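# next comes the sequence, and after it the predicted model I'd like to discuss.
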Amino acid sequence: MANTATKSQKLKREELRKDLLEKIESRWPESPMFIDLAEDYLSLWDDKRTLRNDIAKRGRKVTKYDSRGQKQIANNESIDQILKINTQMINIIKAIGLEPSLYASDDDDLV
């Protein structure tokens, strides 16, 4: 996904990265597997931001054309993708051994 992060999002991402790595280091010192999972989590976090931007730009419903060229209104696929990404993010947090509810925020930026 394209990286169109704002300065605020980049700062938030770095704070999230730092927090995840600190928690991993405190539980499993020198564990490259968990550090790699944290990087996967951050990659999904980036993808989720991109999908949210797509929904904000194009809306929940989008115009598509079928194979015959007829115009159709359909759900934006980004909505389904966000749900799948959320599930994967929660699975990664659980695999790392952290509790997702501890990372839920008011603006839903961590999960």
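On my side now, so go ahead.

# check contacts around residue 71.
By CB atoms under 8 Å, 6 or more residues apart in numbering, residue 71 lies in contact with 63, 64, 65. To be clear about C-beta, it is placed using only N, CA and C from the backbone, and glycine gets the same treatment.

# hmm, which of these are the buried ones?
Buried by 16 or more other CB atoms under 10 Å: nothing, out of those.

# between those, which is nearest residue 48?
residue 64 (22.7 Å; CB to CB).

# now the end-to-end length of stretch 67-80.
22 Å (CA to CA, to the nearest Å).

# mind starting the numbering at 22 from now?
I'll keep to 22 as the first residue from here, and by that count the last item is stretch 88-101.

# would you mark the buried spots in it?
Applying 16+ other CB under 10 Å to stretch 88-101 flags 97, 99 as buried.

# of the contacts of residue 92, just say which sits nearest to residue 57.
residue 85 (37.0 Å).

# would you turn the contacts of residue 92 into a markdown table with pLDDT?
Below are the contacts of residue 92 laid out as a markdown table (pLDDT from 0 to 100):
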| residue | pLDDT |
| --- | --- |
| 84 | 94 |
| 85 | 91 |
| 86 | 93 |
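
# restricted to strands, list those.
84, 85, 86 (DSSP state E).

# isn't the first one up against residue 93?
Read that as residue 84. Yes. If you go by CB atoms under 8 Å, residue 84 and residue 93 touch, sitting 7.3 Å apart.

# which strands or helices does the longest helix seen in the chain pack on?
Using DSSP state H to define each element, the chain has its longest helix at helix 53-79. Helix 53-79 sits against helix 28-48, helix 98-117, with contacts defined as 3 or more CB pairs under 8 Å, 6 or more residues apart in numbering; DSSP states H and E.

# the helix or strand of the chain with the lowest mean pLDDT: how far from the chain's middle?
In the chain, no helix or strand scores lower on mean pLDDT, DSSP states H and E than helix 28-48, which sits at a mean of 87. Chain-centre distance of helix 28-48: 14 Å, with CA atoms, centre = their mean, to the nearest Å.
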